[in-house]
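K.L.:
any chance you can model this:
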Amino acid sequence: MKLSRPEFFLLGIVAGLLWWFALRRRADAGLGLGMLEPFKAATPSWRRFLLMIPWIFLGVSMALSLLSSGELMLKRKFQKVYLPGIDIMLAVDVSRSMAAQDFPGGSRLQVAKRVLEKFIKGRKADRMGLVAFAGAPLLLSPLTLDREFLLESLESLRTGEIEDGTAIGLALAEALSNLSSSRTSRVVVLLTDGVNNRGELSPLDAARMAARSKIKVYTVGVGKEGVASIPIEMGTGAGLIRKSVSVDEDTLRKMAELTGGRFFRATDPRSLREIFREIDSLEKRRVEVRVISRFAPLSHELSLLASFLFLAFLLLSSFLREVP
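P.N.:
Residues are numbered from 1 along each chain as shown. Below is the predicted model:
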């Protein structure tokens, strides 16, 4: 405990001593209040004790009032949990092949968006950003803790809105540039269903840049090998074309190995969900618990208690006068 205004503590000592001497004199003189008559049959010690009770309440009430005026502070301790967090950039392929209908429950992109939404919601202490890419990368969200904005950016992902192709190297470079100023653990999760065929920067060169910057890269290949049905717009309306699709597993695996990350392969929604659960477990936050001490004022509580005791003094004094 501490007093913000210690002069009131000294004043309280002086007032307490004066009150004590006055109380002793009044007790010896029957308190001069005409309250002795009802207790003449009682022993002097019992009578004196009863008559002193209200005055004790008054003295304590005065002391509490002085402590309240002196701004008595109580030291309180509480635990504060610090979550250092991780900076994570998500790079998501939105090339036309991501509209392939080889996943139950929707296209590759639709299923990936649902899995990523759950992943984002589960990492509340991490800053996260989003890069969409096809033939070129497009930053949709810089690193942010604003989950609502990030989820809106994720929901806006559509195929066919960026020039077609698969620029894996450029997409990784864009994600790395958004992590360059970060001072915490940094991770890129890159999700694609194709083979790099755009851009002057190769995926492995981009991975070496990540390794030099100590940024870990997790690569996720989605979709089945072979032929997939892909929706297209035709003059007569929407239609489907059958197209051969494949994932460059060797390159994606080497990218992850160069950076200390891992490569994952998802051929259905269940395996994709399990992959992101595993990534989530691999990149757990370190929790640091600190005990913080601070002084909190007790003026309000002390004033209430002082008022209660003063009321008790008035009631008891009145009662003792009226005892038959």
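K.L.:
how long is stretch 215-227 end to end?
P.N.:
In stretch 215-227, first residue to last residue: 35 Å (C-alpha to C-alpha, to the nearest Å).
K.L.:
buried residues in it?
P.N.:
215-224 (16 or more other C-beta atoms under 10 Å). (Each C-beta comes from the backbone N, C-alpha and C, glycine too.)
K.L.:
please apply the same query to stretch 163-178.
P.N.:
Buried residues in stretch 163-178 (16+ other C-beta under 10 Å): 165-176, 178.
K.L.:
go on, stretch 180-196?
P.N.:
By neighbour count on 16+ other C-beta under 10 Å, the buried set for stretch 180-196 is 182, 185-196.
K.L.:
list just the nearest of those to Arg147.
P.N.:
Nearest to Arg147, judged by C-beta to C-beta, of those is Val189 at 16.4 Å.
K.L.:
give the helix, strand or coil label for that closest one.
P.N.:
Of the three states, Val189 takes strand under DSSP: H, G, I helix; E, B strand; the rest coil.
K.L.:
what's the pLDDT at it?
P.N.:
Per-residue confidence at Val189 stands at 96 (pLDDT).
K.L.:
wouldn't it be in contact with Leu90 here?
P.N.:
Yes: the pair Val189 / Leu90 is scored as a contact, 5.3 Å apart, by C-beta atoms under 8 Å.
K.L.:
could you save the buried residues of stretch 163-178 as TSV and add columns showing distance to Ala136?
P.N.:
Shown next, in TSV, are these (distance: C-beta to C-beta, whole Å):
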residue	distance to Ala136
Gly165	8
Thr166	10
Ala167	6
Ile168	12
Gly169	11
Leu170	6
Ala171	9
Leu172	13
Ala173	11
Glu174	9
Ala175	13
Leu176	16
Asn178	16
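K.L.:
tell me the one of those residues nearest Thr251?
P.N.:
Looking across those and measuring by C-beta to C-beta, the closest to Thr251 is Ile168, at 7.5 Å.
K.L.:
for the closest one, what are its contacts?
P.N.:
Counting by C-beta atoms under 8 Å, 6 or more residues apart in numbering, Ile168 touches 133, 190, 192, 194, 196, 199, 203, 206, 248, 251.
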